[in-house]
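Engineer: what follows is a predicted protein model with its sequence.
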Amino acid sequence: MNRTDLAILFPGQGSQEPGMGRDVADAMPEAMDLWKKAERASGLPLREIYWDGGDEKAMADTRNLQPALTAVNLSLWLRLAGRVSPACTAGHSLGEYAAAAASGALSVDSTLELVALRGRLMSEADPGGKGAMAAVLKLSLADVEAVVAESAESTGQMIRIANYNTPGQLVLSGTRDAIADAAARVKDRKGRALVLPVSGAFHSPLMDEAARELAKAMRTATWSRPRFAVYCNVTGQAVTDGESLHEVMTRQMTSSVQWIGTVTNQWNAGVRRWVEAGPKGVLTKMVGPILAASNVPAAPEGGWTAEGAGSLEQADALTF
């Protein structure tokens, strides 16, 4: 069924959980094949880590997480794809690769190879532990921008807003000293700063070397015209041709994630239903605060819905 009001969303790091994707893989040989391909691409025992291990540190390791979560996201999309053709798709950071694959712009094999490489490069990008990230809550965008400017001036070091998740949830990325300085300033303004358990300053210039290496591999992949629009992190705008998608995604690792703009632009384009193909439903929880900031009434009065399809049962329960 063609749905001109539907967007499919794919989550990124932070959405991992024990046992993720196992129910779909047990039910669908094609989904199990995705896990096997992800393991070959990465050289890692991903099913052992996520289905049998339960080690939180291992599951959060970006080297393991990126190919594993992409396998889950694409498994859930396989479960949905035979029933619906959406108007568009988007993925948050890592999830953008699943979005590109779902649209047909990238082959599944290329996608898994790229995210396996991306995970390794990001894991190795900051061996000295120079970078850090922190989520900022309960402050306005203007206040957070002021904090960033003050910390950059005070420390003389790199810091920026890396993720514009919702008007009330922004993520900072930069050097450890700058992030620590910013966290203190956030507290002074009565906000909350939560340092994130990541291995570097993602979505910042500190990822430049890793981004250049990934770009080399991205150039060898075939980028086709997507079957439906892909809204990209770098701009928050829809992309409808393979060459442009390649160009924009090449800049993703060092650019901010414009998630507020992504959802807002999808709304303006006529999207009224968001379905998240991935564990936990993190992105569906962001839709409401983003639309509220644009004065869109709360669902169902606003005529929109945001639903998670994070398991076999949830995916099969959706009606289109």
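Structural biologist: Yep, it's here. Numbers count the residues shown, from 1 in each chain.
Engineer: for the residue nearest to Asn2 when sequence neighbours are not counted, what are phi and psi?
Structural biologist: What sits nearest to Asn2 in space, not counting adjacent residues and going by Cβ to Cβ, 6 or more residues apart in numbering, is Ser85, at 4.8 Å. For glycine as for every other residue, the C-beta is placed from the backbone atoms N, C-alpha and C. Ser85 adopts backbone torsions of phi -120, psi 110, taken as degrees, to the nearest 10.
Engineer: same check, this time on Thr305
Structural biologist: phi -140, psi 150.
Engineer: show me the contacts for Met286.
Structural biologist: 165-166, 169, 259, 263 (Cβ atoms under 8 Å, 6 or more residues apart in numbering).
Engineer: derive a ChimeraX selection command for the buried subset of those residues.
Structural biologist: A single ChimeraX command selects the buried members of those (16 or more other Cβ atoms under 10 Å):
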select :165,166,169,259,263
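Engineer: want to try CSV for the contacts of Met286, with secondary structure as columns?
Structural biologist: Below are these laid out as CSV (DSSP: H, G, I helix; E, B strand; the rest coil):
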residue, secondary structure
Asn165, strand
Thr166, strand
Gln169, strand
Trp259, helix
Val263, helix
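Engineer: can you tell me which of the contacts of Met286 is nearest Ser42?
Structural biologist: For the contacts of Met286, the closest approach to Ser42 (Cβ to Cβ) belongs to Trp259, at 26.3 Å.
Engineer: how near is the closest one to Ala87?
Structural biologist: Look at Trp259 and Ala87: by Cβ to Cβ, to the nearest Å, they are 18 Å apart.
Engineer: same deal with Val186?
Structural biologist: Going from Val186 to Ala87 by Cβ to Cβ gives 37 Å.
Engineer: those two - which one has more neighbours?
Structural biologist: Using other Cβ atoms under 10 Å, the more surrounded residue of Val186 and Ala87 is Val186, with 24 against 20.
Engineer: from Arg47, how far off is that one?
Structural biologist: 40 Å.
Engineer: got the buried residues for the worst-scoring helix or strand of the chain on mean pLDDT?
Structural biologist: Lowest by mean pLDDT, DSSP states H and E among the helices and strands of the chain is helix 56-60, with a mean of 92. Using 16+ other Cβ under 10 Å as the test for burial, helix 56-60 gives 58-59.
Engineer: packing partners of that helix?
Structural biologist: If you count contacts as 3 or more Cβ pairs under 8 Å, 6 or more residues apart in numbering; DSSP states H and E, helix 56-60 packs onto helix 62-81.
Engineer: report all helices and strands that the helix or strand just after the helix it packs on contacts.
Structural biologist: Downstream of helix 62-81, the next assigned helix or strand under DSSP states H and E is strand 88-91. Counting by 3+ Cβ pairs under 8 Å, 6+ apart, the packing neighbours recorded for strand 88-91 are strand 6-10, helix 95-103, strand 229-231, helix 259-268.
Engineer: could I get these in JSON lines, plus columns for distance to Ser123 and mean pLDDT?
Structural biologist: Output for these, formatted as JSON lines (distance: least, Cβ to Cβ, whole Å; pLDDT from 0 to 100):
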{"stretch": "strand 6-10", "distance to Ser123": "21", "mean pLDDT": "98"}
{"stretch": "helix 95-103", "distance to Ser123": "16", "mean pLDDT": "98"}
{"stretch": "strand 229-231", "distance to Ser123": "26", "mean pLDDT": "98"}
{"stretch": "helix 259-268", "distance to Ser123": "23", "mean pLDDT": "97"}
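Engineer: pull the residues that contact the helix or strand harbouring Val275.
Structural biologist: Using DSSP H and E, Val275 sits in strand 273-276. With Cβ under 8 Å, 6+ apart as the test, strand 273-276 has contacts from 3, 5-11, 80, 86, 263, 266, 282-284, 287, 304-310, 318.
Engineer: quick one: neighbours of Lys280, just the number.
Structural biologist: Burial of Lys280 is recorded as 16 neighbouring residues (other Cβ under 10 Å).
Engineer: for it, which non-adjacent residue is spatially closest?
Structural biologist: Excluding its sequence neighbours, the residue lying closest to Lys280 (Cβ to Cβ, 6+ apart) is Ser15, at 4.7 Å.
Engineer: now the helices for the stretch 151-300 of the chain?
Structural biologist: With helices called from DSSP state H, counting those that start in this stretch, the stretch 151-300 of the chain shows them at 176-188, 208-220, 242-250, 259-268, 284-293.
Engineer: for stretch 294-301, how far is the first residue from the last?
Structural biologist: Taking Cα to Cα, to the nearest Å, the first and last residues of stretch 294-301 lie 15 Å apart.
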